[in-house]
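Trainee: please work out how this folds:
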Amino acid sequence: MKKLLYLAAALTVAALQSAVPASAQTLKSAYFLDNNQFAYRSNPSLMSDRSHLGVVLSNIWVSSESTLGMSDVLFPTASGLVTGFNPAISSEQFLGRLKPRSAFSVDVSENILSVNTRRYRSNGNFEVNMRVLADGNLPYDMFAFLKNGSSESAYNLAGLGFNAKVLAEVAYGTSFLIGDYVAVGFRLKGLFGLQNLTLTADKANLTVNRNMAEVDADATIRASGKYLKYQVNDGVLDLDSFDTNMAFWGPTGFGGALDLGVTVTPIENLSVSLAVMDMGAIYWKYNLVAKTAQTVTYTGTQDINPLSEDGTNGIRDEIDAQLEKLKKLRDFNVQNPENGLERLPFSANLGARYAFFDGILSVGALASFKHGVYVNTFDTRLGVTTTPIRWFSLSANAGVGTYGPVWGSALSFNIGPFHFHGGVDAMIGKYAKVYKGIAPIGKFGIASNFGLVISFGEWH
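Mentor: Numbering: from 1, shown residues only. The predicted model follows:
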């Protein structure tokens with residue numbers, strides 16, 4: 001079982017390391033900004049103030065979320081900080097903090113090319129992006145097994161899963177006014193899958209006691225990617241052989257997604273907007289599908305004759321035979337390649353803003369929802385923005401969400417033709433000093449975003 005955990009972690013890390021980060025996410029705090037060149041990412045109906053051109057550094061995004069924090073696995077003792085697996089920490093202390101499942105997600109994005117054209121009553125944009133997404137799920141019984149071992153008899157590790165994928169994206173969007181009070185917009189995205197690595201355990205029952213241990217497992221590894229390398233021996237996947245060969249690469253998955261948005265101005269200075277993003281899926285052609293469906297019983301070595309009938313070392317032979325049983329859990333038998341359709345994590349934003357003093361000050365509210373692979377997240381924020389001059393805007397917000405209280409800030413400014421934007425979304429939770437910095441000790445969600453483009457044309 002540990003081998004499965006190590007493999008899943010290795011596959012996730014390999015996907016993140018072998019990819020060029022990138023794509024179509026946006027900072028929630030940026031919704032409150034004026035002079036936001038990527039406003040259409042929060043809602044396709046929102047229009048940028050000017051036209052722009054961006055290459056490579058135009059928009060970079062990193063997001064990470066986890067329902068498992070350091071305070072769930074680390075405990076202070078008289079002798080120092082220890083993990084929950086330490087004998088000094090009771091099972092009640094450790095396991096009492098954990099949820100039925102602990103999920104995490106990582107989303108890293110980079111804009112390779114961005115072209116935006118702003119006109120009086122319309123806005124158009126074209127982008128080329130790269131994107132890395134990773135999700136994982138760790139069941140409660142995995143921690144219980146590692147903590148309690150044979151002191152309990154049965155564990156259910158079903159639901160254990162990891163997924164990491166790399167996508168390239170080409171997007172085109174447009175927005176326009178209908179009359180004077182309604183703006184609508186959409187973005188069409190073509191998706192090209194470069195890599196997909198997935199490990200799922202549909203069934204993983206573990207029974208242990210002093211006399212025996214039995215594992216009933218049904219797990220699957222799926223891989224799609226031309227530059228993945230691995231070996232197959234007699235129809236069995238060699239788990240230690242995974243590697244990459246960048247000489248061979250190209251799409252092995254194809255799909256699409258749609259963003260839709262609408263903004264209404266019912267009265268002067270008030271705007272209300274609604275958007276749904278990343279509605280779509282990608283069709284993968286898997287070049288590796290390997291499954292294990294094993295029921296293995298390990299009875300130990302307590303009833304063994306010292307010598308076998310021929311006088312050789314019977315203890316050694318019996319131990320080898322017992323260990324061979326356990327090795328069957330590593331036997332992922334390679335299946336015929338198959339294809340599969342996978343939906344994308346989609347999200348939705350509902351917001352409102354009201355401006356005062358000729359737009360110098362504005363207040364707003366935003367509710368956001370994301371439907372993830374293993375966990376869904378939701379938060380609501382109230383924000384205030386100041387735009388003393390049209391080329392500088394600063395915003396701050398606070399609220400509450402799935403991971404606790406949240407806050408965020410963002411800024412946007414022009415210096416000549418150069419337009420910079422940046423900001424952060426985070427939760428307000430317990431933090432601890434770690435060496436020279438600080439780190440969240442509870443469940444958390446954090447995202448950062450920054451970029452630099454060349455802006456031109458009239459202000460609108």
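Trainee: identify the residues contacting residue 224.
Mentor: 193, 195, 196, 197, 252, 253, 284, 285, 286, 287, 288 (Cβ atoms under 8 Å, 6 or more residues apart in numbering). Bear in mind the C-beta positions are built from the backbone N, C-alpha and C, glycine included.
Trainee: could you dump those to CSV with pLDDT, distance to residue 36 and neighbour count?
Mentor: Output for those, formatted as CSV (pLDDT from 0 to 100; distance: Cβ to Cβ, whole Å; neighbours: other Cβ atoms under 10 Å):
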residue, pLDDT, distance to residue 36, neighbour count
193, 91, 30, 21
195, 87, 32, 25
196, 89, 33, 25
197, 86, 35, 25
252, 89, 35, 22
253, 91, 32, 26
284, 92, 34, 25
285, 89, 38, 15
286, 86, 40, 19
287, 82, 41, 14
288, 86, 43, 19
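Trainee: tell me what residue 102 is bridged to.
Mentor: residue 138 (DSSP bridges).
Trainee: contacts only, for it.
Mentor: Residue 102 makes contact with 66, 67, 68, 72, 137, 138, 140, 143, according to Cβ under 8 Å, 6+ apart.
Trainee: can you say which helix or strand has the fourth one in it?
Mentor: Right, the one you point to is residue 72. Using DSSP states H and E, the element containing residue 72 is helix 70-73.
Trainee: run the chain-centre distance for that helix.
Mentor: Distance of helix 70-73 from the chain centroid (Cα atoms, centre = their mean, to the nearest Å) equals 20 Å.
Trainee: what's the first helix or strand after it?
Mentor: strand 74-77.
Trainee: what residues sit buried inside that following strand?
Mentor: residue 75 (16 or more other Cβ atoms under 10 Å).
Trainee: what of stretch 131-140?
Mentor: Buried, per 16+ other Cβ under 10 Å, within stretch 131-140: 131, 132, 133, 134, 135, 136, 137, 138, 139, 140.
Trainee: how about stretch 190-209?
Mentor: 191-201, 204-206, 208.
Trainee: inside strands: which ones of these?
Mentor: Judged by DSSP state E, strands contain the following of the buried residues of stretch 190-209: 191-201, 204-206, 208.
Trainee: out of those residues, which is nearest to residue 390?
Mentor: residue 191 (36.0 Å; Cβ to Cβ).
Trainee: that closest one and residue 133, how far apart?
Mentor: 11 Å (Cβ to Cβ, to the nearest Å).
Trainee: which residues does residue 149 contact?
Mentor: Counting by Cβ under 8 Å, 6+ apart, residue 149 touches residue 208.
Trainee: typo on my end, residue 260
Mentor: Contacts of residue 260 (Cβ under 8 Å, 6+ apart): 44, 185, 186, 275, 276, 279.
Trainee: now with 7 Å, please.
Mentor: Taking Cβ atoms under 7 Å, 6 or more residues apart in numbering, we find residue 260 in contact with 44, 186, 275, 276.
Trainee: which of those residues has the most neighbours?
Mentor: Counting neighbours by other Cβ atoms under 10 Å, residue 44 comes out on top of the contacts of residue 260 with 29 neighbours.
Trainee: just checking, it touches residue 274?
Mentor: No: if you go by Cβ atoms under 7 Å, residue 44 and residue 274 don't touch, sitting 10.8 Å apart.
Trainee: what would the contacts of residue 224 look like in TSV with distance to residue 456?
Mentor: Listed next are these as TSV, based on distance: Cβ to Cβ, whole Å:
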residue	distance to residue 456
193	35
195	37
196	39
197	42
252	39
253	36
284	40
285	42
286	45
287	45
288	48
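Trainee: from these, which is closest to residue 76?
Mentor: Nearest to residue 76 among the contacts of residue 224 is residue 197, at 36.7 Å by Cβ to Cβ.
Trainee: can you pull out the low-pLDDT segments for the stretch 51-200 of the chain?
Mentor: 150-152 (pLDDT under 70).
Trainee: and the strands in it, which stretches?
Mentor: 51-55, 60-66, 74-77, 80-83, 101-118, 122-139, 154-156, 161-178, 182-208 (DSSP state E, counting those that start in this stretch).
Trainee: next, the angle from the helix or strand where residue 257 lies to strand 161-178.
Mentor: Element membership for residue 257, per DSSP H and E: strand 253-267. Angle of strand 253-267 versus strand 161-178, following axes from the mean of the first three to the mean of the last three Cα atoms, to 10 degrees, is 40 degrees.
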